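Visitor: model the following, please.
(one chain, ligands or ions: 1)
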Amino acid sequence: MTQDELKHQVALAAIDYIKTLIKPDSIIGVGTGSTANLFIDELAAVKDKFQGAVASSDASAERLKGHGIEVFDLNSVDEIVVYVDGADEANKSLCLIKGGGAALTQEKIVAQVAKQFVCIADESKAVEILGAFPLPVEVIPMARALVGREMVKLGGDPVWREGVVTDNGNQIIDVHGLKITNPEDLEAKINMIPGVVTNGLFAHRAADVLLLSTQEGVKTYSVMNTVSAEGNYF
Ligand SMILES: O=C[C@H](O)[C@H](O)[C@H](O)COP(=O)(O)O
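Guide: Here you go, the predicted model:
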């Protein structure tokens, strides 16, 4: 299977997974990126089984609306039954790096509200140690140089994602060269720097479930059970 086929396979698996959770009045959290897009397209087929969605980006909101799915403002929603989103990397504790598409801040907000966070990814995203994928950090524009210098102190090599403006009007720094052995600690340290909106480590709010698309099918990992019935991928 190609990577696109793997992504499609996991999007379908996510639909099967959420079917057991949703009710006619449910609001679903929907992520951003190429895997999330395939999930949105498949979600259209079951749109009569839930009330609507909260999106983690303008792009996802537009795609949802294009399928006739109602998009709610997060502030008007009491509960999100499940949040489904992709990732750039996932480790066996289901800590993630996200933000390759610059949507990390809104993704983290929606994930925090959701009762359950289901990460959907193809097998190329599973890693022993996070950090081969450059860690995105969303910064207030005037703080970009300051945050860059602080990233160097933390052992990283910051690169400004020039030309990219987030949905929140901010900028992105991609931090290369980090070998992230303690994601919780690094997530907190980076978020303490003035001018950082948030960073792409999802460790304090890791995924609850990882649906990992492999050539042998979709494997299900949860925090309680990183060794799935089908075998240990990590
Ligand atoms: O900002 C973007 C998100 O964190 C994406 O979920 C992440 O980059 C994975 O995207 P894709 O499914 O396209 O690999």
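Visitor: packing partners of the biggest helix by length in the chain?
Guide: Determined from DSSP state H, the single longest helix within the chain is helix 3-19. Applying 3 or more Cβ pairs under 8 Å, 6 or more residues apart in numbering; DSSP states H and E, one finds that helix 3-19 contacts helix 34-43, strand 82-85, strand 117-122, strand 209-214, strand 217-222. C-beta: built from backbone N, CA, C; applies to glycine.
Visitor: with mean neighbour count as extra columns, can I get the ones you listed in a markdown table?
Guide: Shown next, in a markdown table, are those (neighbours: other Cβ atoms under 10 Å):
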| stretch | mean neighbour count |
| --- | --- |
| helix 34-43 | 22 |
| strand 82-85 | 27 |
| strand 117-122 | 26 |
| strand 209-214 | 24 |
| strand 217-222 | 18 |
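Visitor: quick one: closest of these to Val147.
Guide: Val147 lies closest to strand 82-85 among those, at 24.4 Å (Cβ to Cβ).
Visitor: wondering if that closest one reaches the ligand at all.
Guide: Yes. Strand 82-85 reaches the ligand (Cβ under 6 Å from any ligand atom) through Asp85.
Visitor: follow-up on the earlier one: nearest to Phe202, out of the helices and strands packed on helix 3-19?
Guide: Per Cβ to Cβ, nearest to Phe202 of these: strand 117-122, 8.1 Å.
Visitor: burial count for Gly66?
Guide: 11 (other Cβ atoms under 10 Å).
Visitor: distance of it relative to the ligand?
Guide: Using Cβ to the nearest ligand atom, to the nearest Å, Gly66 is found at 18 Å from the ligand.
Visitor: phi, psi for that residue please.
Guide: In terms of degrees, to the nearest 10, the main-chain angles of Gly66 are phi -60, psi -30.
Visitor: can you give me the buried ones in stretch 135-148?
Guide: Applying a neighbour-count criterion of 16 or more other Cβ atoms under 10 Å, one finds Leu135, Pro136, Val137, Glu138, Val139, Ile140, Ala143, Arg144, Val147, Gly148 buried in stretch 135-148.
Visitor: mind picking the two most distant members of those?
Guide: Using Cβ to Cβ, the buried residues of stretch 135-148 span at most 17.6 Å, a distance reached by Leu135 and Ile140.
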